[in-house]
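Visitor: sequence and predicted structure, then a few things I'm wondering about:
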Amino acid sequence: MPAVTPLLAGRPRPLRVMALVSATGANLTTTLDLAAERPDLLRVVLVASDRERAGALDVAARAGVPTWPGRFAAECGGHRACVTEEDRAAYRARAEAFHDRLLARVRDFERADGEIDLVVLAYHRWIHGRFLAHFRNRIINQHPGDLASLDGSGARALVGMDPVGVALRRGDTATRTSTFLVDDTHDGGPVLARGPALEYHGPRPPSREDVDAHERRQKAHSDRPVLRWVLTALAEGRLALDPSRPRPDGTAAVLLDGAETPPGGHDLAGDLAQAADPARLVSPARAAGRDPERAAGRDHGHEQDRAGTKAGAS
């Protein structure tokens, strides 16, 4: 079998990271904190947004990182306003053009300042077109659902805008965040790792407020650890893709230090169980609200227009 090349192979450290942001800046803060602790691993060199005002832009400015506000809604409109297929096609064309213009600006930045190695999403827009092609296998996103969870047809069960709500309403006893490589599907790229699972102890069925409160706790207990781990592993050259070994969901196998990982990528629950509060960390089976005997049944970013993923909204 031919050798598999690590993701970001040949790129000198520290990695030069760009963030695309839309909201408060929690994931950007995680990235900046890691860069401050490990300047040998990565450096955030640029932060761009789809909107003129966002908490994440303020976070970047305070850190001394160049910021590019955007005007996506004014330039492109919204997906929810689309009624016909023609409307949706026109909206998508405008969205692609917006990101093509962003890429042109990024290319100018790269010529002047140096190449960007990795894009971290905390973004509310789907990305298609040249931007996605330019950064192929170099864009990562956070998703607040377990993307290893498959439905009866073998498709991912927890994609879309409200994976935490879907998981809790279907009876899962815990939820967790997945970090994945962005491709031209919606929440369909290879999963690099999953964060620790956070148990849910609220009422059933959960209210919208219950779901939102649980998801806020999940950001600290699952989002932050898995993003830090993936950024470190990418910078250290530990992760690779092997398309010759497809996963059950059709994505390429993810290798860690040359060994194939499970369909959900590296599982941080095992790494962190000793250091974290054991009451909040559960096994992958329990994370799906099921016992091992029923394991075959199911496992347990994103925009208002569904153009990014909701975990990326941090």
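Guide: Looks like it came in fine. Worth saying up front: this structure is predicted, and the values here are computed from it rather than measured.
Visitor: helix or strand: which one has residue 180?
Guide: strand 178-181 (DSSP states H and E).
Visitor: elements contacting that strand?
Guide: strand 139-143, strand 191-194, helix 224-235 (3 or more C-beta pairs under 8 Å, 6 or more residues apart in numbering; DSSP states H and E). In short, each C-beta sits where N, CA and C put it, glycine included.
Visitor: if you set the cut-off to 6 Å instead, what comes out?
Guide: Applying 3 or more C-beta pairs under 6 Å, 6 or more residues apart in numbering; DSSP states H and E, one finds that strand 178-181 contacts strand 139-143, strand 191-194.
Visitor: which among the ones you listed is found nearest to residue 7?
Guide: Of all those, strand 191-194 sits nearest to residue 7, with 8.5 Å by C-beta to C-beta.
Visitor: partner strands of the very next helix or strand once past the closest one and their direction?
Guide: Remark: after strand 191-194, the chain's next helix or strand is strand 198-199, criterion DSSP H and E. Partner strands for strand 198-199, per DSSP bridges, with pairing direction: strand 174-175 (antiparallel).
Visitor: on that earlier part again, give me the residues contacting the strand holding residue 180.
Guide: Applying C-beta atoms under 6 Å, 6 or more residues apart in numbering, the set of residues contacting strand 178-181 from outside is 137, 140, 142-143, 147, 189-194, 226, 230.
Visitor: recalculate using a threshold of 8 Å.
Guide: Residues outside strand 178-181 that contact it (C-beta atoms under 8 Å, 6 or more residues apart in numbering): 7, 137, 139-143, 145-148, 187, 189-195, 226-227, 229-230, 241, 264-265.
Visitor: shaky segments in the stretch 51-200 of the chain?
Guide: Along the stretch 51-200 of the chain, segments meeting pLDDT under 70 are nowhere present.
Visitor: now the helices for it?
Guide: 55-62, 72-76, 85-113, 130-134, 163-169 (DSSP state H, counting those that start in this stretch).
Visitor: would residue 47 count as being in a strand?
Guide: Yes. Per DSSP: H, G, I helix; E, B strand; the rest coil, residue 47 lies within a strand segment.
Visitor: nearest residue to it in space, please, no chain neighbours.
Guide: residue 60 (3.8 Å; C-beta to C-beta, 6 or more residues apart in numbering).
Visitor: that neighbour and residue 27 touch, don't they?
Guide: No. Counting by C-beta atoms under 8 Å, residue 60 sits too far from residue 27 to count as a contact (11.9 Å).
Visitor: circling back to that earlier point, can you lay out the helices and strands packed on strand 178-181 as CSV showing mean neighbour count and distance to residue 87?
Guide: Formatted as CSV, these follow (neighbours: other C-beta atoms under 10 Å; distance: least, C-beta to C-beta, whole Å):
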stretch, mean neighbour count, distance to residue 87
strand 139-143, 26, 26
strand 191-194, 27, 33
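Visitor: for these, give me TSV that also has distance to residue 110.
Guide: TSV is the format used below for the helices and strands packed on strand 178-181 (distance: least, C-beta to C-beta, whole Å):
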stretch	distance to residue 110
strand 139-143	15
strand 191-194	24
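Visitor: identify whichever of the ones you listed lies nearest to residue 174.
Guide: Short answer: strand 191-194, nearest of those by C-beta to C-beta, at 11.5 Å.
Visitor: contacts for that closest one next, please.
Guide: By C-beta under 8 Å, 6+ apart, strand 191-194 touches 140, 146-148, 176-181, 222, 226, 229-230, 233, 239, 251, 254, 261, 263-269.
Visitor: can you say which of those are buried?
Guide: Taking 16 or more other C-beta atoms under 10 Å as the criterion, what is buried in these is 140, 146-148, 176-181, 222, 226, 229-230, 233, 239, 251, 254, 261, 263-269.
Visitor: OK, contacts around residue 237?
Guide: Here residue 237 is in contact with 6, 7, 8, 9 (C-beta under 8 Å, 6+ apart).
Visitor: my bad, residue 211
Guide: Per C-beta under 8 Å, 6+ apart, neighbours of residue 211: 162, 164, 165, 168.
Visitor: can you pull the pLDDT of it?
Guide: Per-residue confidence (pLDDT) for residue 211: 99.
Visitor: so how far is residue 144 from it?
Guide: 10 Å (C-beta to C-beta, to the nearest Å).
Visitor: what sits in contact with each of those two?
Guide: residue 164.
Visitor: how far does stretch 163-175 sit from the chain's center?
Guide: 18 Å (C-alpha atoms, centre = their mean, to the nearest Å).
Visitor: again with stretch 121-130
Guide: The answer for stretch 121-130 is 11 Å, by C-alpha atoms, centre = their mean.
Visitor: who is residue 191 paired with across the strands?
Guide: residue 180.
Visitor: that older thread, residues contacting the residue nearest to residue 47?
Guide: Counting by C-beta under 8 Å, 6+ apart, residue 60 has contacts 19, 21, 25, 28, 32, 44, 47, 66, 67.
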